[in-house]
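**Student:** Need a 3D model of the following:
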Amino acid sequence: MGHRVRKAVFPVGGLGTRFLPATKSMPKEMLTVVDKPLIQYAVEEAAAAGCEHFIFVTARGKGALEDHFDAAPELERQLEEKHKDEALDAVRKYLPKTGQISYTRQTNPIGLGHAVWCARHLVGDEPFAVLLPDDMILADVPCLAQMAEVYAKTGGHLVASENVPREHTSRYGILDVETDDGTLAKAKGLVEKPKPEVAPSTLSIIGRYILDPVVFQPLDKQMRGAGNEIQLTDALAATLDRVPFHGLRFVGKRYDCGDKVGFLEANVAFALKRPEMAAQVRAAIGALLA
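**Tutor:** Now for the predicted structure:
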C-alpha cells in the first residue's frame with residue numbers, strides 16, 4: 001500500500017486548567033519531563049516516524065511554544081563563547097528545519113475534532129498523524145514509528161490503543177471490535193466516553209492517530225457531540241463505511257501527563273531511563289520512601 005505519513009498535527013490550544021497556577025502564563029505543553037517540554041517529546045516522536053511537516057494548532061498565549069521551536073541567537077552565542085558544547089547541542093539539535101513548522105490558530109476551543117479540522121488546509125489530501133502531547137509513551141521504538149510501519153499495510157485510520165479497566169471507559173474513546181489478533185484490532189465502530197455497563201469493549205484510543213484525509217468531510221459539518229464539542233471520534237465513526245479502522249496495541253508504557261500524578265510518574269520513569277542520573281534518582285526516591 002505504501003501509505004507514507006509526512007505531516008503531523010499537534011493540537012496544543014488547550015487551557016491546561018488542571019495545572020494552574022503553573023499554566024497561567026505558560027502553555028501546558030511546555031511543562032517539562034526531566035529537562036524537555038512535553039511538546040518536544042511529541043515532535044521528536046513524529047520526526048522519528050518519518051514526519052517532515054509539523055503543524056501546531058495553537059491559541060492565544062502559546063508564544064513560548066513557538067519560541068521553543070525557533071533559533072535563540074543570543075543564548076547560542078553565549079553558549080558558544082563559554083564553550084558549553086553539550087548545552088548548545090541541547091538547544092539546537094531538536095529544531096526542525098526552517099519551513100517545516102506551520103502554525104494555525106484555533107480561536108474557539110471546541111474539541112479535538114475542531115482542532116484537527118483547523119489544520120485541514122495545511123494537511124491537504126494525504127494521510128497525517130495526530131499527536132496529543134499529554135500522552136507520553138516510554139518505548140524502545142517510538143509509538144508513532146510502530147504505527148507508521150503497520151499503517152503502510154492497513155491504510156485508512158489507525159489509532160494507538162490499550163486496554164483500560166472497565167470502570168474507566170467513560171474517560172476514553174472505546175473501540176467496538178470486529179476482529180482482534182491481540183496486537184491489531186479491526187473496529188466496526190467506536191463510542192466516545194461510554195459508561196462501563198454499555199462500553200462495547202475496554203480497548204481505548206489514546207493520543208496517537210494516523211488518519212485518512214476523508215475524516216475532514218464529516219468535520220466540515222461542524223456537528224457537536226459529547227460535551228457539546230466537535231469530537232474526532234464522531235468524525236472517525238462517520239467514515240467507517242469508507243475506510244478501514246484499526247487499533248494498534250503499541251509496545252511501551254503510556255503516562256497521562258494531563259493528570260498531576262501521571263505527570264510526576266512520567267518524570268520519574270523518564271529520569272530512570274537516563275543512564276547519567278538513574279542511580280541518583282533511584283537513591284533519592286529510596287530515601288524519600290524510607
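**Student:** what comes up buried for stretch 50-57?
**Tutor:** 51, 53, 54, 55, 56, 57 (16 or more other C-beta atoms under 10 Å). In this view, the C-beta of every residue, glycine as well, is placed from N, C-alpha and C.
**Student:** which one of the residues you listed sits closest to residue 137?
**Tutor:** residue 51 (15.7 Å; C-beta to C-beta).
**Student:** Which parts of the stretch 151-290 of the chain are strands?
**Tutor:** 157-163, 173-180, 184-192, 203-211, 245-249, 253-256 (DSSP state E, counting those that start in this stretch).
**Student:** Which of the ones you listed sits closest to residue 44?
**Tutor:** Counting by C-beta to C-beta, residue 44 lies closest to strand 203-211 out of the strands of the stretch 151-290 of the chain; the figure is 13.7 Å.
**Student:** next one: the closest one to chain centre, how far?
**Tutor:** Its chain's C-alpha centre and that of strand 203-211 lie 9 Å apart, by C-alpha atoms, centre = their mean, to the nearest Å.
**Student:** Check stretch 134-151 too.
**Tutor:** So, by C-alpha atoms, centre = their mean, the centroid of stretch 134-151 is 10 Å from its chain's centroid.
**Student:** so for it, what's the average pLDDT?
**Tutor:** Stretch 134-151 shows a mean pLDDT of 96.
**Student:** what comes into contact with that stretch?
**Tutor:** The contact list for stretch 134-151 (C-beta atoms under 8 Å, 6 or more residues apart in numbering) reads 3, 5, 8, 28, 33, 38, 41, 44-46, 48-51, 127, 129, 131, 158, 160, 184, 206-208, 210, 246, 248, 250-258, 266, 269-270, 273.
**Student:** gap between the two ends of it?
**Tutor:** In stretch 134-151, first residue to last residue: 23 Å (C-alpha to C-alpha, to the nearest Å).
**Student:** Most distant residue from the centre of the chain?
**Tutor:** Relative to the centre of the chain, and counting by C-alpha atoms, centre = their mean, the farthest-placed residue is residue 81 at 36.7 Å.
**Student:** follow-up on the earlier one: list buried residues within the contacts of stretch 134-151.
**Tutor:** If we count by 16+ other C-beta under 10 Å, the contacts of stretch 134-151 have these buried: 3, 5, 8, 28, 33, 38, 41, 45-46, 49, 51, 127, 129, 131, 158, 160, 184, 206-208, 210, 246, 248, 250, 252, 254-258, 266, 269-270.
**Student:** ok so, going back, between the strands of the stretch 151-290 of the chain, which one is closest to residue 113.
**Tutor:** Going by C-beta to C-beta, the one of the strands of the stretch 151-290 of the chain nearest residue 113 is strand 184-192, 9.9 Å.
**Student:** So which elements touch that closest one?
**Tutor:** strand 173-180, helix 232-238, strand 245-249 (3 or more C-beta pairs under 8 Å, 6 or more residues apart in numbering; DSSP states H and E).
**Student:** Name the surrounding residues that touch it.
**Tutor:** Residues from elsewhere that reach strand 184-192 (C-beta under 8 Å, 6+ apart): 150, 154, 161, 173-180, 198-200, 203, 205, 225-226, 231, 233-234, 236-237, 240, 244-249.
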